[in-house]
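K.L.:
Structure of the sequence below:
(chains A and B)
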Amino acid sequence: MDALLQFVFSGLTVGAVYALVALGFTIIYNASDVVNFAQGEFVMLGGMITVFTFEAGLPLPLAALAAILLTAALGVALNKLAIEPARGAPVVSLIIITIGASILIRGASQLIFDKQLHRFPAFSGDDPIRVLGATILPQSLWVIVGAVAVFVALWLFFTRTLTGRAVLATANNRTAAQLVGINTAWVMTLSFGLSAAIGALAGVLVTPITLVSYDVGVALALKGFAAAMLGGMGNPKGALVGGLLLGLLEAMTAGYLSSQYKDAVAFLVILGVLFVMPQGIFGHKSTERV
Amino acid sequence: MSLLEVSGLGISFGGLRAVEDVSFSVSPGEIVSVIGPNGAGKTTLFNMISGIYRPGRGSVRLNGQDVTATAPHLLARMGLSRTFQNLQIFQEMTVLDNVLAGYHLTERGPVWADLLALPSMRRRAAEVRRGARDLLARVRLDKAAEQEAGSLSYGALKRLEIARALALGPKILLLDEPAAGCNAVETEEIDHLIAELAASGIAILLVEHDMKLVMRISSHIVVLDHGQKIAEGDPATVSRNPAVIAAYLGTDAPTEDPAHADG
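P.N.:
Residues are numbered from 1 along each chain as shown, chains lettered A, B, ... in the order given. This is a model prediction of the structure:
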């Protein structure tokens, strides 16, 4: 019983990170149908920039803020310099551009930062909290609360605000969105900036637990993608549920089977979703009108 | 003064001069139709006026202001809206939401006010919903307000697109084949709708193949053939113009009323 609860705690913690990555996917996918595979690199940059600015003497909250803002700026730059000039190219080409961007960012980080593992202190200390015989790190609570907070904010943004609905309208039909006066280029810029900021936030929150190095992005992007697929691509609720579910599955596999198989879970999930319900848990069936 | 002034507009695709030196103007409350055989460059002309294509030559002035090659979303804000020959509808949204999207510009308030659902914003949202429902009633889609747009018939979607364009409060409306694919009753409805809009002071620029419709409602007709303007004038003058008849029926044709040259 204690073991189960322990697995649940660790599952929820990693699941919350996957959920944040999946939310990042969701935003860009909603605005442009593009799956941004540089999303994992945004998480890595969030952690890395915080580490280096913190070690340079900035207080931790400021370092974290700097990391989030810089990463958001990089997201905007990615859109302006690589995605926007390729406007009109098929979605697959745009996705390949994001894979290229991810490789570039990884390489550049290796040069600018280094190849070591880094961490900075947890926000509220490292003393585990005991709950019913299991333990949870205070930082895990930060991660979980962070993911839920971002989810709620995004949910309100997409359903309540005009700007959010403009993003959804752009996703649904770009030409029609322009017709009603929506600046679709700005919507794209906003989406990349927001998505990068959320990725960076995930990096900031999780680095004290999992550590960060230049190459952590690839695995995170794949896991986040699996989570988004599981929940239903494009649906914030799906991203949250998919992320947490994938985290729990991984933790259970690691706990009850073998931690060797932990990483296989994400791929099995992708395969399972594609075979059984390609639209995911919350996605709705898409039909093309001809 | 005319609301829309098109002068010397032209564009080439590769070596093909799709539209060449076309000029005309539209005044408030006027219905101007652009007609011509298939491939005459009507839709291309529309795409240049509405900022989808960048014209190679010439200029477009809206309300005296040069708006040549201005982005579509900015033109929408300046009072020029359009519909498309192949529908551009938010298929996954409800009919009402499609029209509400048209209010996007006027509904604008600070994001934080939206998020907090301030009373002022809620009042504004309620007003906008009422306005949208009125517009739907005007195009006789009020009963379908909560349906997903993708489930509507083709003719209904055409009317929905007009309703959404109206939500922007346009000064001029560009309609690209609003009656295409509609049956006789639906065409009649669109006919009335367009006349009503013009009577309310909106300038209408129309591309249409249904000659009966064009002849009945237009105040002015511009005829294109092979990308060039070959005639212009009121319906009676244009329908007797030999160049127009030749364009539609070939040069050796007897003098027949082009009103029969539908499609």
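K.L.:
Quick check: bridge partners of the closest residue to residue A:5 other than its chain neighbours?
P.N.:
Nearest non-adjacent residue to residue A:5, counting by CB to CB, 6 or more residues apart in numbering or on different chains: residue A:134, 3.9 Å away. C-beta: built from backbone N, CA, C; applies to glycine. In this structure, residue A:134 bridges to residue A:131 when assessed by DSSP bridges.
K.L.:
For residue A:134, list the residues it contacts.
P.N.:
A:2, A:3, A:5, A:6, A:8, A:9 (CB atoms under 8 Å, 6 or more residues apart in numbering or on different chains).
K.L.:
Please indicate which of those has the highest neighbour count?
P.N.:
In terms of neighbours by other CB atoms under 10 Å in any protein chain shown, the contacts of residue A:134 top out with residue A:9 at 20 neighbours.
K.L.:
where's the closest residue to residue A:236 other than its chain neighbours relative to residue A:79, distance?
P.N.:
Closest residue to residue A:236 apart from its sequence neighbours, by CB to CB, 6+ apart: residue A:154 at 5.0 Å. Here the criterion is CB to CB, to the nearest Å. By it, residue A:154 lies 18 Å from residue A:79.
K.L.:
and these two? which has more neighbours close in?
P.N.:
For residue A:154 versus residue A:79, the count of surrounding residues by other CB under 10 Å is larger for residue A:79: 25 against 20.
K.L.:
Would you check how far apart the closest residue to the more buried one other than its chain neighbours and residue A:69 are?
P.N.:
Of all residues not flanking residue A:79 in the chain, residue A:192 sits nearest, at 3.9 Å (CB to CB, 6+ apart). To residue A:69, residue A:192 is 14 Å away according to CB to CB.
K.L.:
Helices of chain B, start to end?
P.N.:
B:42-49, B:72-77, B:95-102, B:111-115, B:119-138, B:154-167, B:184-199, B:211-217, B:235-240, B:242-249 (DSSP state H).
K.L.:
now these in CSV, with mean neighbour count and distance to residue A:57?
P.N.:
Formatted as CSV, the helices of chain B follow (neighbours: other CB atoms under 10 Å in any protein chain shown; distance: least, CB to CB, whole Å):
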stretch, mean neighbour count, distance to residue A:57
helix B:42-49, 24, 57
helix B:72-77, 21, 45
helix B:95-102, 27, 49
helix B:111-115, 16, 34
helix B:119-138, 16, 44
helix B:154-167, 24, 55
helix B:184-199, 16, 66
helix B:211-217, 19, 74
helix B:235-240, 16, 79
helix B:242-249, 17, 78
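K.L.:
Quick check on residue A:75: phi, psi?
P.N.:
Here is the backbone geometry of residue A:75 (degrees, to the nearest 10): phi -60, psi -40.
K.L.:
Pretty sure it sits against residue A:193.
P.N.:
Yes: using CB atoms under 8 Å, residue A:75 is in contact with residue A:193, at 5.1 Å.
K.L.:
These two: who's more crowded?
P.N.:
Legend: neighbour count by other CB under 10 Å for residue A:75 and residue A:193, higher for residue A:75 (31 against 21).
K.L.:
The residue nearest to the more buried one when sequence neighbours are not counted: what secondary structure?
P.N.:
Among residues not flanking residue A:75 along the chain, residue A:196 sits closest, at 2.6 Å (CB to CB, 6+ apart). Following DSSP: H, G, I helix; E, B strand; the rest coil, residue A:196 is assigned to helix.
K.L.:
Tell me how far residue A:196 lies from residue A:28.
P.N.:
Distance from residue A:196 to residue A:28, by CB to CB: 9 Å.
K.L.:
So between these two, which is more surrounded?
P.N.:
More crowded of residue A:196 and residue A:28, by other CB under 10 Å: residue A:196, with 33 against 27.
K.L.:
I figured the more buried one hits residue A:44, correct?
P.N.:
No: the criterion here is CB under 8 Å, and residue A:196 misses it with residue A:44 at 11.5 Å.
K.L.:
Off-centre distance for stretch B:9-27?
P.N.:
In terms of CA atoms, centre = their mean, to the nearest Å, the centre of stretch B:9-27 is found 18 Å from the chain centre.
K.L.:
What's the end-to-end length of it?
P.N.:
End-to-end distance for stretch B:9-27: 18 Å, by CA to CA, to the nearest Å.
K.L.:
So what does the residue nearest to residue A:79 look like in phi/psi?
P.N.:
phi -70, psi -40.
K.L.:
Quickly note the distance from it to residue A:130.
P.N.:
Counting by CB to CB - residue A:192 and residue A:130 are separated by 42 Å.
K.L.:
Which of those two has more residues huddled nearby?
P.N.:
Neighbour count, other CB under 10 Å: between residue A:192 and residue A:130, residue A:192 has more, with 30 against 9.
K.L.:
Just the pLDDT for that one.
P.N.:
With respect to pLDDT, residue A:192 scores 94.
K.L.:
And residue A:143, by the same measure?
P.N.:
According to the model, residue A:143 scores 93 on pLDDT.
K.L.:
Three-state assignment for it, please.
P.N.:
Per three-state DSSP, residue A:143 ends up helix.
K.L.:
need the next SSE after the helix or strand hosting residue A:209, C-terminal direction.
P.N.:
Using DSSP states H and E, the element containing residue A:209 is helix A:184-210. Next in sequence after helix A:184-210, counting helices and strands by DSSP H and E, comes helix A:217-231.
K.L.:
any idea which helix or strand comes after that next one?
P.N.:
Downstream of helix A:217-231 (by DSSP H and E), the next one is helix A:236-252.
K.L.:
name the helices or strands packed onto that next one?
P.N.:
Secondary-structure packing of helix A:236-252 (3 or more CB pairs under 8 Å, 6 or more residues apart in numbering or on different chains; DSSP states H and E): helix A:2-32, helix A:138-160, helix A:217-231, helix A:264-276.
K.L.:
List the buried residues in the longest one.
P.N.:
Think helix A:2-32. Going by neighbour count (16 or more other CB atoms under 10 Å in any protein chain shown), the buried part of helix A:2-32 is A:6-32.
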